[in-house]
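Engineer: Next come a sequence and a model predicted from it.
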Amino acid sequence: MSEVLNLRFARHSGDGVFGSVNRVFVDDVDDRYLTFRARGLNTTQRESPIHTAPVDQTLGLREFAVTDPDGNNLCFCTPKR
């Protein structure tokens, strides 16, 4: 099974400090989230790199966000079915 990696870089400017978010589109965002959880990461610890469990967004994506050890924000996404 091959997996396609599709990175989209975005920068926000306007009414607040946002920074940037790197979107990583995956086949199954819930499965990817469970992989992170199986490795010991969770959303209950304040210092955890996972921000939330997967949520459905209004833009037609299901996603969850993490911050990597270098401070990069990654948002794992799957189009809602």
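Structural biologist: Thanks, I have the structure now. Numbers count the residues shown, from 1 in each chain.
Engineer: how many other residues sit next to Ala53?
Structural biologist: A count of neighbours around Ala53, defined by other CB atoms under 10 Å, yields 11. Every C-beta, even on glycine, is put in place using the N, C-alpha and C of the backbone.
Engineer: quick one: contacts for it?
Structural biologist: 33, 43, 64 (CB atoms under 8 Å, 6 or more residues apart in numbering).
Engineer: Go again with 6 Å.
Structural biologist: Contacts here follow CB atoms under 6 Å, 6 or more residues apart in numbering; on that basis Ala53 touches Thr43.
Engineer: what about it, helix or strand, and which?
Structural biologist: Under the criterion of DSSP states H and E, Ala53 resides outside all helices and strands.
Engineer: so how far is Asp27 from it?
Structural biologist: 18 Å (CB to CB, to the nearest Å).
Engineer: Could you do Thr78 as well?
Structural biologist: Counting by CB to CB, the gap from Thr78 to Asp27 is 7 Å.
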